[in-house]
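Asker: curious how this folds, go ahead:
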Amino acid sequence: MFNFRALPPLALYIHIPWCVRKCPYCDFNSHSLPDTGHDALPETDYIAALLADLDQDLPSIWGRTIGSIFIGGGTPSLFSAEALDNLFSGLRMRLQIEPNAEITLEANPGTLEAGKFSEFRALGINRLSIGCQSFNDDHLRQLGRIHSGKEALLAIESASAAGFDNFNLDLMFGLPGQNLKQALADIDQAISLAPTHISHYQLTIEPNTLFHHSPPSLPSDDARWSMQEQCEQRLQTAGYEHYEISAHGKAGRHSQHNLNYWQFGDYLGIGAGAHAKISSAAEQNITRSLKQKQPATYMAAVAEGNHIISSEVINRRSAVFEFMLNALRLREGFSKSLFEAHTGLSIAVASKGLTEAERRGLITQDHRQVQPTQQGWHFLNDLLQLFI
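Answerer: So this is what the prediction gives:
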């Protein structure tokens with residue numbers, strides 16, 4: 001049985017599902033623009049659907065405060081500042097948002113227009129996540145990106161000029177044809193631009209992607225390991241704290257929204273294909289839900305109140321596994337008191353797995369804290385198997 005004395009922190013995720021073009025490695029719920037391009041974006045209808053979606057979710061979060069907002073996609077920066085202004089006006093009318101809440105917008109360099117960053121900043125968006133992926137034009141073409149390395153640099157300069165002093169750069173490594181020197185060149189270029197945060201991911205081939213159907217030739221496992229290890233060393237030397245498997249942030253600039261996920265906080269998701277995890281003190285349970293994925297179907301379904309395609313109350317075993325799936329990605333691990341507060345369960349329910357993980361050298365623990373070892377971080381899947 002769950003026993004929530006207080007509820008976890010609450011974040012809001014907003015999904016805008018359109019891109020100029022679907023990248024061959026992407027398995028997110030994103031959809032290419034119609035041939036008519038930007039003019040075909042149903043901004044007004046979609047913003048109205050987002051707010052109607054939120055209205056139907058409000059009873060599940062009455063009285064709770066939003067600690068962070070993340071607008072992801074797709075490519076949310078395709079939307080006009082006017083459309084996002086309408087969205088934020090609606091959000092502020094309906095929600096209690098913390099005064100200093102982190103509000104992040106995802107943006108791709110190839111979709112930016114002059115002046116857009118300044119307009120976004122004026123709306124109260126205080127953090128950007130810019131999807132560079134690489135600064136090498138050959139690698140960008142192979143990834144199906146629509147921007148060049150030069151455009152990425154210009155986008156970052158524009159962000160700084162618009163007053164964004166907190167922004168993330170997404171970079172990938174292990175790209176088709178990439179060698180160690182090129183991977184390090186990407187990292188060095190990113191560091192020189194002084195972002196507050198760098199997300200550094202290995203390219204993986206996911207099901208239901210173009211790369212899965214026509215796999216590119218990737219560097220060897222040993223080559224990718226060298227890229228990861230040496231890039232991480234460069235980031236550490238430059239003052240970026242490696243606080244999560246793929247996340248590197250300056251002190252005080254770790255992603256608050258993502259930390260909420262990794263610490264098993266609650267989050268409300270609105271938009272096509274958005275997920276939610278909501279804990280209830282009244283019901284003493286945790287519910288997960290998923291919205292309709294296709295944008296047109298989602299907008300029509302919201303009006304009829306049937307846009308939620310799945311909703312389930314998770315059991316204790318699932319709660320333990322999902323907590324570990326997220327929290328053990330963090331370098332510092334988690335406190336046992338946080339486990340109990342955010343799951344509503346006693347740490348004793350995880351004792352068997354924790355004891356075995358410690359015996360295998362995958363974690364260290366004391367009466368307060370659980371922390372993955374370097375071996376546990378590198379073999380995270382093996383560690384998580386102990387909690388299934």
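
Asker: domains in this structure, by residue range?
Answerer: Following automatic domain parsing, one finds the domains of the chain at 10-259, 316-388.

Asker: turn these into JSON lines, columns for distance to Ser280.
Answerer: In this view, the C-beta of every residue, glycine as well, is placed from N, C-alpha and C. JSON lines is the format used below for the domains of the chain (distance: least, C-beta to C-beta, whole Å):
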{"stretch": "domain 10-259", "distance to Ser280": "7"}
{"stretch": "domain 316-388", "distance to Ser280": "10"}
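
Asker: for those, give me TSV that also has mean neighbour count, distance to Asp266 and mean pLDDT.
Answerer: Output for those, formatted as TSV (neighbours: other C-beta atoms under 10 Å; distance: least, C-beta to C-beta, whole Å; pLDDT from 0 to 100):
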stretch	mean neighbour count	distance to Asp266	mean pLDDT
domain 10-259	18	5	93
domain 316-388	17	9	97
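
Asker: nearest approach to Ala303 belongs to which of those?
Answerer: Nearest to Ala303 among the domains of the chain is domain 10-259 (6.9 Å), distances taken as C-beta to C-beta.

Asker: what's the offset of that closest one from the middle of its chain?
Answerer: 8 Å (C-alpha atoms, centre = their mean, to the nearest Å).

Asker: can you check stretch 282-297 too?
Answerer: On C-alpha atoms, centre = their mean, the centre of stretch 282-297 falls 18 Å from the chain's centre.

Asker: scan this structure for its longest helix.
Answerer: helix 221-237 (DSSP state H).

Asker: now do the helix or strand that that helix is followed by: which elements does it pack against?
Answerer: The first helix or strand that comes after helix 221-237 along the chain, using DSSP states H and E, is strand 241-244. Judged by 3 or more C-beta pairs under 8 Å, 6 or more residues apart in numbering; DSSP states H and E, strand 241-244 is in contact with helix 221-237, strand 247-249.

Asker: and stretch 28-48, end to end?
Answerer: This stretch, stretch 28-48, spans 23 Å end to end (C-alpha to C-alpha, to the nearest Å).

Asker: cool, stretch 284-299 as well?
Answerer: With C-alpha to C-alpha applied, stretch 284-299 spans 32 Å between its terminal residues.

Asker: next one: stretch 357-364
Answerer: So stretch 357-364: terminal residues 8 Å apart, C-alpha to C-alpha.

Asker: what's the distance between it and the middle of its chain?
Answerer: The answer for stretch 357-364 is 28 Å, by C-alpha atoms, centre = their mean.

Asker: and for it, what are the contacting residues?
Answerer: 328, 333, 354, 365, 370-373, 375-376, 379, 382-383, 386 (C-beta atoms under 8 Å, 6 or more residues apart in numbering).

Asker: circling back to that earlier point, closest one to Met1 among the domains of the chain?
Answerer: In terms of C-beta to C-beta, the element of the domains of the chain nearest to Met1 is domain 316-388, at 7.8 Å.

Asker: the closest one: how far from the chain's middle?
Answerer: In terms of C-alpha atoms, centre = their mean, the centre of domain 316-388 is set 21 Å apart from its chain centre.

Asker: out of the helices and strands packed on strand 241-244, which comes closest to Gly163?
Answerer: strand 247-249 (19.7 Å).

Asker: now do that closest one: everything it contacts.
Answerer: Contacts with strand 247-249, where a contact means C-beta under 8 Å, 6+ apart, come from 196-200, 232, 235-236, 240-243, 254-255, 258.

Asker: farthest pair in those residues?
Answerer: The distance between the two most remote of these (C-beta to C-beta) is 19.3 Å, for Gln236 and Asn258.

Asker: show me where the stretch 151-300 of the chain has its helices.
Answerer: In the stretch 151-300 of the chain, the helices defined using DSSP state H, counting those that start in this stretch lie at 180-192, 210-213, 221-237, 256-262, 295-304.

Asker: in contact with Leu345, which residues?
Answerer: Applying C-beta under 8 Å, 6+ apart, we find Leu345 in contact with 2-3, 316, 319-320, 339.

Asker: returning to what we had before: wait, which of the domains of the chain is closest to Gly305?
Answerer: So among the domains of the chain, domain 10-259 is nearest, using C-beta to C-beta, at 6.4 Å.

Asker: ends of the closest one, what's the gap?
Answerer: OK, domain 10-259 end separation, C-alpha to C-alpha: 11 Å.

Asker: just give the closest residue to His147, not the sequence neighbours.
Answerer: Sequence neighbours aside, Gly110 is the residue nearest to His147 in space, at 3.3 Å (criterion: C-beta to C-beta, 6 or more residues apart in numbering).

Asker: so what's the one you found up against?
Answerer: 20, 145-147, 151.

Asker: quick one: Gln375 from Asn258, how far?
Answerer: 24 Å (C-beta to C-beta, to the nearest Å).

Asker: now do the same contact list for Asp53.
Answerer: Contacts of Asp53 by C-beta under 8 Å, 6+ apart are 270-271, 291, 302, 307.

Asker: which SSE is it in?
Answerer: Under the criterion of DSSP H and E, Asp53 resides in helix 43-57.

Asker: partner strands of the helix or strand following that helix, parallel or antiparallel?
Answerer: For helix 43-57, the following helix or strand on the C-terminal side (DSSP H and E) is strand 65-73. With DSSP bridges as the test, strand 65-73 is paired with strand 10-16 (parallel), strand 96-107 (parallel).
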